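Colleague: next comes the sequence, and after it the predicted model I'd like to discuss.
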Number of protein chains: 2
Amino acid sequence: MASERKATPDPARSLAILWRTREPTSRSAGPGLSVDRIVRAAIAIADAEGLDALTMRRVAEALGVGTMSVYTYVPGKAELVDVMVDTAYGEMPRAAVAGDWRARLERIARDNLALYQRHPWMLRAETTRPVLGPHLLAKYDHELNAVADIGLTDVEMDAVLTLVLGHVKSAARAASEVVDLERETGMTDGQWWQSHAPWLETFMTAGSYPTAARVGTAAGQQHGAAYGPEYAFEFGLQRVLDGISVVVAERAATRQPG
Amino acid sequence: MASERKATPDPARSLAILWRTREPTSRSAGPGLSVDRIVRAAIAIADAEGLDALTMRRVAEALGVGTMSVYTYVPGKAELVDVMVDTAYGEMPRAAVAGDWRARLERIARDNLALYQRHPWMLRAETTRPVLGPHLLAKYDHELNAVADIGLTDVEMDAVLTLVLGHVKSAARAASEVVDLERETGMTDGQWWQSHAPWLETFMTAGSYPTAARVGTAAGQQHGAAYGPEYAFEFGLQRVLDGISVVVAERAATRQPG
DNA sequence: ATCCACGGCGTACGGCGTACGGCGTAGGAT
DNA sequence: ATCCTACGCCGTACGCCGTACGCCGTGGAT
């Protein structure tokens, strides 16, 4: 299981792989394995078939090498996933964004949503331990700059980012679940609900939960229109930004009163 | 893998187990297995040792029966986890809360956080498919009532709940990660950061990411004080509620203008 | 010419979820 | 009282996983 790790198999080793502190062996020609080639192959598999299809054997097969050869470059599957995550972060845009803090935060939210849509496996990859790779650090720095100089303390800046990114991840997860469900059952979200509705009505003694029934139906119809997760993302994002603007306004008022 | 399911092995079967549409067998005395006993044993294991320790063999062993006997009552591990989730939802308080909508939503957020703290495995249990059990439905109804009659549309009510519960889950996950890390490495969060700091400084050419370094240090010190996740939860919750209050105020102004 | 460090990998082990088929018996039908 | 059958129970086995271990062949330094 990727979620289980041996008790800290040496921080130096893990970080060294993340930061690629390793001269390119260049010993012979041969298959010419490398951490980068392994990570690229692994990401391709996870992108195409999901994290469950990611197997050390599959990765080795894709590279045309024996299974255990992969372990020459990567201590284990957990560490491989760590590098995959950091590598994916490296793809994200880093260009400075024009506009006020709200426009910048919104841009960041959408960039992160796009990342999760391109690599849905990331939603299930990050476990217990923070990754601390170079690209995550660069991403963190870039995103912090979006909320720098608007009067927040350092701790508040971190908290704002955590809040926004948490919302993006939640919304991305919800959207990803719909996609997964369709792929696994072969039915659209609407069809799935329709196939369950009769059973639900049977079990649910009519009128037991009037509010849930009414609102669930309303939200369900929206799902049927293949529109639910996007709405939840947009609605939540605006609410979060509204909430942040309250603090920002407070800080601004405190700094230059009158 | 718990995250992989066979393509809809019959909705009726899954829902029947969730809703316990099954007369109590009461055939003989024997071990007297039942869905409830199985679920209780499974939850006990997951509470104590985490989701990775939850194994069909472990569950059977805890009940003093053969492994395959469990499959008489539950079609597979995925469905067992579904029932565990719905059962856990059944523990939550349902009492009406006094106060305005904000107080009610806050109460709901804290109740959900407490649930995740009592059953951290829930943070990793819900996958692709919604559970649709009786207790989830009751919970949904109860929580909707907190935001009913404040001028929101049905779809907005659902979105508000999704937003708040999403934030709770994100914050709970962050808190849980800290706990897991401590259990797995035997170090406190602060010790872990200290052990990694020298390496990070080595790799990070000084001054490359000034903002990240400064803010990361500030946030890290807070972590050292075993205070980070709680702060993120509280800060984010207030921001989210502030953001919601903007819509609520808008709706109120629209309904009775002047 | 020699040596050996190291990349590559074949084999094997323990653990997982679960398909399948058999067994004993309780309870209704006769 | 007897039979039959449905069902709770479960032993065995299969195919997957991650990965420990130790062997090989070889390129580069000596």
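Modeller: On my side now, so go ahead.

Colleague: contacts and neighbour counts: CA atoms only from here.
Modeller: Will do.

Colleague: beyond the lengthiest helix in chain A, next helix or strand please.
Modeller: The longest helix of chain A (DSSP state H) is helix A:154-185. Proceeding N to C from helix A:154-185, the next assigned helix or strand is helix A:189-203, under DSSP states H and E.

Colleague: chain A: strands as residue ranges?
Modeller: All residues of chain A lie outside strands when identified by DSSP state E.

Colleague: report the angle between the helix or strand bottoming out on mean pLDDT in it and helix A:154-185.
Modeller: Counting by mean pLDDT, DSSP states H and E, chain A has its least confident helix or strand at helix A:189-203, which shows a mean of 78. Going by axes from the mean of the first three to the mean of the last three Cα atoms, to 10 degrees, helix A:189-203 is angled at 80 degrees with respect to helix A:154-185.

Colleague: on that earlier part again, the longest helix of chain A and chain B in contact?
Modeller: Yes - contact of helix A:154-185 with chain B is found when judged by Cα under 8 Å from any Cα of the partner chain, involving A:154-155, A:157-160, A:162-163, A:166-167, A:170, A:176-178, A:180-181, A:184-185.

Colleague: elements contacting that helix?
Modeller: Applying 3 or more Cα pairs under 8 Å, 6 or more residues apart in numbering or on different chains; DSSP states H and E, one finds that helix A:154-185 contacts helix A:101-118, helix A:122-125, helix A:134-146, helix A:189-203, helix A:228-255, helix B:154-185, helix B:210-224, helix B:228-255.

Colleague: shaky segments in chain A?
Modeller: Along chain A, the parts satisfying pLDDT under 70 run over A:1-11, A:22-31, A:203-207, A:224-227, A:255-258.

Colleague: cutoff 90 now
Modeller: Along chain A, the model assigns pLDDT under 90 to residues A:1-32, A:95-98, A:126-132, A:149, A:178-229, A:251-258.

Colleague: for DNA strand D, find the nearest of the helices and strands packed on helix A:154-185.
Modeller: Closest to DNA strand D of the helices and strands packed on helix A:154-185, according to Cα to the nearest atom of the strand: helix A:122-125, at 12.7 Å.

Colleague: tell me what the closest one is packed against?
Modeller: By 3+ Cα pairs under 8 Å, 6+ apart, helix A:122-125 packs against helix A:77-90, helix A:154-185.

Colleague: quick one: it to chain centroid distance?
Modeller: In terms of Cα atoms, centre = their mean, to the nearest Å, the centre of helix A:122-125 is found 6 Å from the chain centre.

Colleague: flag every buried residue along that helix.
Modeller: A:122-123, A:125 (16 or more other Cα atoms under 10 Å in any protein chain shown).

Colleague: same check on stretch A:129-144?
Modeller: A:131-144.

Colleague: now render the residues you listed as a markdown table, adding distance to DNA strand D.
Modeller: Formatted as a markdown table, the buried residues of stretch A:129-144 follow (distance: Cα to the nearest atom of the strand, whole Å):
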| residue | distance to DNA strand D |
| --- | --- |
| A:131 | 17 |
| A:132 | 20 |
| A:133 | 20 |
| A:134 | 23 |
| A:135 | 23 |
| A:136 | 23 |
| A:137 | 25 |
| A:138 | 28 |
| A:139 | 28 |
| A:140 | 28 |
| A:141 | 31 |
| A:142 | 33 |
| A:143 | 33 |
| A:144 | 34 |
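
Colleague: looking at those residues, which is nearest chain B?
Modeller: Nearest to chain B, judged by Cα to the nearest Cα, of the buried residues of stretch A:129-144 is residue A:141 at 4.5 Å.

Colleague: quick one on the thing from earlier: the buried residues of stretch A:129-144: which ones sit near chain B?
Modeller: Among these, the residues within reach of chain B (Cα under 8 Å from any Cα) are A:137-138, A:140-141, A:144.

Colleague: and which of those residues is nearest to residue B:102?
Modeller: Comparing these against residue B:102 with Cα to Cα picks out residue A:144 as the nearest, at 29.7 Å.

Colleague: over to residue A:96: give its phi and psi.
Modeller: Residue A:96 adopts backbone torsions of phi -60, psi 140, taken as degrees, to the nearest 10.

Colleague: tally of neighbours for it?
Modeller: A total of 11 residues lie near residue A:96 under the criterion other Cα atoms under 10 Å in any protein chain shown.

Colleague: please determine how far it is located from residue A:141.
Modeller: 12 Å (Cα to Cα, to the nearest Å).

Colleague: swap in residue A:152?
Modeller: According to Cα to Cα, residue A:152 stands 16 Å off from residue A:141.

Colleague: ditto for residue A:210
Modeller: Separation of residue A:210 from residue A:141 (Cα to Cα) stands at 48 Å.

Colleague: ditto for residue A:81
Modeller: With Cα to Cα as the criterion, residue A:81 and residue A:141 are 22 Å apart.

Colleague: how many residues are close by the closest residue to DNA strand C within the stretch 51-200 of chain A?
Modeller: Nearest residue of the stretch 51-200 of chain A to DNA strand C, counting by Cα to the nearest atom of the strand: residue A:65, 3.4 Å away. Counted with other Cα under 10 Å, residues neighbouring residue A:65 total 15.

Colleague: one step back: buried ones in the least confident helix or strand of chain A?
Modeller: For helix A:189-203, a neighbour-count test (16+ other Cα under 10 Å) marks A:189-190, A:192-193, A:200, A:203 as buried.

Colleague: again, but for stretch A:148-158
Modeller: Within stretch A:148-158, the residues that count as buried by 16+ other Cα under 10 Å are A:151-152, A:154-158.

Colleague: gap between the two ends of that stretch?
Modeller: Separation of the first and last residues of stretch A:148-158 by Cα to Cα is 10 Å.

Colleague: what does that stretch rub up against?
Modeller: For stretch A:148-158, contacts defined as Cα atoms under 8 Å, 6 or more residues apart in numbering or on different chains pick out A:101, A:144, A:147, A:248, A:251-252, A:255, B:214-216, B:218-219.
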